[in-house]
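Colleague: whatever this is, show me its structure:
(2 chains)
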Amino acid sequence: MSASTPGQDQGRDKSADRRAQEAAAWVEDMLLIRDHKDREAFARLFAHFAPRVKGFLMKSGTEGQLAEDCAQDVMVTVWRKAHLYDPARATVATWVFTIARNRRIDVARRDRRPEPEDLGWGPEPDATQEDSVALQQETEQLGAALKALPAKQRDLIERAYFGDLSHKEIAEATGLPLGTIKSRIRLALDKLRHAMG
Amino acid sequence: MPWGKTTMSIKHHLTEQLLMGYAAGTLPEAFNLVVASHISMCDDCRAALAAYEALGGAMLEDSCAGAAETDLSPGSFGACLARLDTVPADRDASDHQPVPPAPTGPHTLPEPLRSYVGGDIDAIRWRPVGGGVKQAILPTSRAASARLLFIPAGSAVPDHGHRGTELTMVLQGAFSDETDHFARGDVEIADEDLEHMPVAETGRDCICLAATDAPLRFRSWLPRLAQPFLRI
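Modeller: Model prediction:
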């Protein structure tokens, strides 16, 4: 984060802090769902994420009613697959994004998207709270950095994610602090490899 | 841990564009297959993918920005609650699940490929292309094509250029061309500017996964004539 101007930093830190707190609350709710099938926690996640998933799908060209149905499907999947959620690997928003992306691909019925071979890591029993908090914070900083991008570049990245750009048109996401998250996940992978012997 | 050693030696990785396209879910199926196969063997790219998915999460957070049209209808939450305890009957529930490594590993083909082939390399149904080179076309969407290539040790694939983008990932053995040397796990990304003649390393037959979003152009007349029949 050293390359940014002081003025940007001030605004970013404030909103990134608030958002990191929010992100931590979503993690708490996910764990309540995972461990206790807590419907109140689910109601909070639904209120926050379902409209966002709907918005994401509408921006991807899905018509309103279908987008709403898909948003429901996505939230049902969040409930059913809660046991797979690992706060040391992804924020709740990131995890919901991957489910929404997959739902969009299913609905389009065009290109299948095979998954890589998994490493056999579910939520790690020994993942530290610290790892998870650091990842949440770095992701929120990424969100803030995204907002601080020049409109033209940000628009390009958004269009790539909403499926408006072909793979040839996708530009590099330069200027975004992706390196910190890459290194954190890389460390987690190293730890896991070590644990697997 | 079938890929533990491989992951250390990979030199040629996926581009940021491919990782972003795979994270966003906008690649043709054939390219998805190459990306997923490479990530199965490469922790660097696996971590990079996670970063691009985090970017998608940030995008999702901002995707409604208070717009009334993204509000859900009043009955929506109730309808969703009613579905929570039902048995997942939808087919999609099992899709997109990361596949655990096979207990019997190590395999030559990473899992996403084994599903397409119906097994490991012994299960590939090769068709001769000429000069000892063989191929097996994999069933993907038409936006791009994917095939496995078998190049006998020391042999060359005919000199060819590309109309679109071609991704070639090494699964066994190694090959070299005008640009560099490619070994297991490496991905060569060729575009319109590259005319090359990949040659398999001596000593071991080379098996690659190749995906292209346009037909290859061979320079000599015979393979060009044969192209429509070979479906490459």
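
Colleague: and stretch B:188-208, which residues are buried?
Modeller: For stretch B:188-208, the neighbour count (16 or more other C-beta atoms under 10 Å in any protein chain shown) marks B:188-190, B:196, B:198-201, B:205-208 as buried. Any C-beta I mention is one placed from the backbone N, CA and C, and that applies to glycine too.

Colleague: mind giving me a markdown table with these and columns for distance to chain A and pLDDT?
Modeller: Shown next, in a markdown table, are these (distance: C-beta to the nearest C-beta, whole Å; pLDDT from 0 to 100):
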| residue | distance to chain A | pLDDT |
| --- | --- | --- |
| B:Glu188 | 17 | 95 |
| B:Ile189 | 12 | 93 |
| B:Ala190 | 14 | 89 |
| B:His196 | 20 | 82 |
| B:Pro198 | 23 | 89 |
| B:Val199 | 29 | 93 |
| B:Ala200 | 25 | 96 |
| B:Glu201 | 25 | 95 |
| B:Asp205 | 23 | 96 |
| B:Cys206 | 22 | 97 |
| B:Ile207 | 17 | 97 |
| B:Cys208 | 17 | 96 |
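
Colleague: among those, which two are most distant?
Modeller: B:Ile189 and B:Asp205 (23.1 Å; C-beta to C-beta).

Colleague: from the chain's centre, how far out is stretch B:135-150? Work that out for me.
Modeller: On the basis of C-alpha atoms, centre = their mean, to the nearest Å, stretch B:135-150 sits 10 Å off its chain's mean C-alpha point.

Colleague: just the residues contacting that stretch, thanks.
Modeller: A:110-112, B:28-31, B:33-34, B:116-117, B:124-127, B:129, B:133-134, B:157, B:164, B:168, B:171, B:205-213, B:230-232 (C-beta atoms under 8 Å, 6 or more residues apart in numbering or on different chains).

Colleague: narrow those to those in strands?
Modeller: B:127, B:129, B:133-134, B:168, B:171, B:206-212 (DSSP state E).

Colleague: tell me which of those has the lowest pLDDT.
Modeller: Ranked by pLDDT, the ones in strands among the contacts of stretch B:135-150 bottom out at B:Val129, which has 86.

Colleague: quick check: nearest residue in space to it, chain neighbours excluded?
Modeller: B:Gln135 (5.3 Å; C-beta to C-beta, 6 or more residues apart in numbering or on different chains).

Colleague: show the model's pLDDT score for the one you found.
Modeller: At B:Gln135, the model reports a pLDDT of 93.

Colleague: what's the answer for B:Leu230, then?
Modeller: B:Leu230 is given a pLDDT of 51.

Colleague: of the contacts of stretch B:135-150, buried ones?
Modeller: Judged by 16+ other C-beta under 10 Å, buried ones among these: A:111-112, B:28-31, B:33-34, B:116-117, B:124, B:129, B:133-134, B:157, B:168, B:171, B:205-213, B:230, B:232.

Colleague: list just the nearest of the ones in strands among the contacts of stretch B:135-150 to B:Met41.
Modeller: Looking across the ones in strands among the contacts of stretch B:135-150 and measuring by C-beta to C-beta, the closest to B:Met41 is B:Leu171, at 9.2 Å.

Colleague: OK, contacts around the closest residue to the closest one other than its chain neighbours?
Modeller: Nearest in space to B:Leu171, with sequence neighbours left out and distances taken as C-beta to C-beta, 6+ apart, is B:Ile207 at 4.7 Å. Taking C-beta under 8 Å, 6+ apart, we find B:Ile207 in contact with B:108, B:121, B:148-151, B:170-173.

Colleague: in chain A, where is pLDDT below threshold?
Modeller: By pLDDT under 70, the weakly predicted segments of chain A are A:1-16, A:120-128, A:197.

Colleague: leaving out sequence neighbours, find the closest residue to the spatially most central residue of it.
Modeller: The residue lying closest to the centre of chain A (C-alpha atoms, centre = their mean) is A:Thr94, at 1.0 Å. Spatial nearest neighbour of A:Thr94, chain neighbours left out: B:Gly57 (3.2 Å); criterion: C-beta to C-beta, 6+ apart.
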